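Enquirer: Pasted the sequence and its predicted model underneath.
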Amino acid sequence: MQVRSVAVIILIMFLLAGCAQPEYNPTPTPSAEDIPPPVAEPFSESPPEQPTAQTPASLYLNPAVLSLEVGQTAVVEVWAEGMEGVSVLSLEMSFDPALIQVEDADPVEEGVQVTPGGLMGLTTENRVENGRLFYYALEPEGAAYPSGVFLSITVRGLNPGTTLLRFENVMAQDVGGEVVAVSPLSDGQVMVSGEAVASPTEELPPPVEEPLPTAAPTPWVAPYTPMPPVTGGIYYVVGRGENLFRIGLKFGTTAEAIAAASGIPDPRRVAAGTMVLVPVPPPGGGYGYYVRPGDTVYSIARRFGMTVEELAALNGIGPDFSIRAGTVLKVTPRR
């Protein structure tokens, strides 16, 4: 009996040991300190660069609208934009001379001129007459600045009224002589107010009549005869808006001398595109040719009956045949 009790106890203990639950070890949860911080992608505040389009070549007035009192003056600037590659730029403008006048920017020079801007290095035409402005400039060193003041106009109010500063003609060329389209953005407007002033003719005293000479013989004027051909000089192609008087000033001679050397009957009349001979000695003597924008070694050689190789050798021109407007090349005319 005692043995059976012990066996029962042992059996019960065995059953209890078999039903024991295994120890539970849950997977540890990582803490915030154990998690690495996220890697941030690099951020740029600036958008990616996009190719910028070239500004179209254009002209505009600053200010575009101007109000003046009679007798008051103000400055209007002609601004140029998008001039990349442009080497020649000219314009013609018009206004009502009864309402405003352009003040002369250079009293030393004959006539009325405006003030050149810093866009171009050389001004070849600058005059104001009969309500029209003519301006021609080029850059001898190559291309002009991309933008800047082309010229400045000082205007004075004369009589009340409104007039336009109108762009009539605009022409541009690049360094290769190709035409560049330039768009005037808008015409300017000048409004003059105040009391009208007397016209200059009303302020002038009446003319004093000089006594006529008694029995003065009429002097005999010899007919025009061209001078004999000169043995040297600089050939020059007349540009639009130029005349022999201005060309003579450029080279230190007179319109009459140029007309005589070129066989032109009337020094006051010469057409644009005419090649004249300026009777001044070129560098090195003999004959020279003033290089204009758009000229090439080929066109100059063909004009004078020379070969390209002759012209290049005579002037030390490199194999690229590069020449610059505003220089004087030696030539040997062959007729």
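Expert: The structure has been received and is ready for your questions.

Enquirer: the helices in the protein, which residues?
Expert: In the chain, the segments counted as helices under DSSP state H are 2-18, 200-203, 244-251, 255-262, 297-303, 308-315.

Enquirer: need the least confident one among these, by mean pLDDT.
Expert: Taking each of the helices of the chain in turn, the one with the lowest mean pLDDT is helix 200-203, at a mean of 45.

Enquirer: starting at the chain centroid, how far to stretch 158-175?
Expert: Relative to its parent chain, stretch 158-175 has a centroid offset of 15 Å by Cα atoms, centre = their mean, to the nearest Å.

Enquirer: quick one: average confidence on that stretch?
Expert: Averaging the model's pLDDT scores along stretch 158-175 yields 88.

Enquirer: Can I get that stretch in CSV, CA atoms only?
Expert: Once side chains and other backbone atoms are set aside, the C-alpha atoms of stretch 158-175 remain, and they are given as CSV (Å, rounded to 0.1, in the frame of the first residue of the first chain):
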residue,chain,number,x,y,z
LEU,A,158,9.0,126.2,-78.5
ASN,A,159,5.3,126.4,-78.8
PRO,A,160,2.3,124.5,-77.2
GLY,A,161,1.3,121.3,-78.8
THR,A,162,2.1,117.6,-79.1
THR,A,163,4.7,116.1,-81.5
LEU,A,164,6.0,112.6,-82.0
LEU,A,165,9.7,111.6,-81.9
ARG,A,166,9.2,109.1,-84.7
PHE,A,167,11.6,106.3,-85.8
GLU,A,168,11.6,106.6,-89.5
ASN,A,169,14.5,104.3,-90.6
VAL,A,170,16.6,101.9,-88.6
MET,A,171,19.5,99.8,-90.1
ALA,A,172,22.0,97.4,-88.4
GLN,A,173,24.7,95.0,-89.6
ASP,A,174,26.7,92.4,-87.8
VAL,A,175,30.5,91.9,-87.9
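
Enquirer: And it, what's buried?
Expert: Using 16 or more other Cβ atoms under 10 Å as the test for burial, stretch 158-175 gives 158-160, 163, 165-167, 170, 172-175. Yep, even glycine has a C-beta here, placed from its N, CA and C like the rest.

Enquirer: surely residue 79 meets residue 146?
Expert: No - taking contact to mean Cβ atoms under 8 Å, the distance of 11.8 Å between residue 79 and residue 146 leaves them out of contact.

Enquirer: helices and strands of the protein: which one bottoms out on pLDDT?
Expert: Across the helices and strands of the chain, mean confidence by mean pLDDT, DSSP states H and E is lowest for helix 200-203: a mean of 45.

Enquirer: What is the neighbour count of residue 282?
Expert: 20 (other Cβ atoms under 10 Å).

Enquirer: Spatially nearest residue to residue 254 (excluding sequence neighbours)?
Expert: For residue 254, ignoring the flanking residues on the chain, the nearest one in space by Cβ to Cβ, 6 or more residues apart in numbering is residue 248 at 4.9 Å.

Enquirer: quick one: contacts for the one you found?
Expert: Contacts of residue 248 were listed using Cβ atoms under 8 Å, 6 or more residues apart in numbering, and they are 254-255, 257-258, 278.

Enquirer: Over to residue 120?
Expert: For residue 120, the contacting residues are 89, 137-139, 144, 150, by Cβ under 8 Å, 6+ apart.

Enquirer: returning to that earlier point: tabulate the buried residues of stretch 158-175 in CSV, adding columns for distance to residue 190.
Expert: What follows is these, written out as CSV (distance: Cβ to Cβ, whole Å):
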residue, distance to residue 190
158, 11
159, 12
160, 11
163, 5
165, 6
166, 11
167, 14
170, 20
172, 25
173, 30
174, 33
175, 35
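
Enquirer: Of the contacts of residue 248 - the most surrounded one?
Expert: The residue in the contacts of residue 248 with the most neighbours, by other Cβ under 10 Å, is residue 258 (25 neighbours).

Enquirer: What's the separation between the nearest residue to that residue once chain neighbours are set aside and residue 116?
Expert: If the residues on either side of it in the chain are set aside, residue 258 comes closest to residue 244, at 5.0 Å by Cβ to Cβ, 6+ apart. Summarising the geometry, the distance separating residue 244 from residue 116, computed by Cβ to Cβ, to the nearest Å, is 23 Å.

Enquirer: swap in residue 267?
Expert: Spatial separation of residue 267 from residue 116 under the definition Cβ to Cβ is 27 Å.

Enquirer: same check, this time on residue 331
Expert: Going from residue 331 to residue 116 by Cβ to Cβ gives 31 Å.

Enquirer: Those two: which is more packed in?
Expert: Relative neighbour count places residue 331 above the other of residue 331 and residue 116, with 23 against 19, counting by other Cβ under 10 Å.
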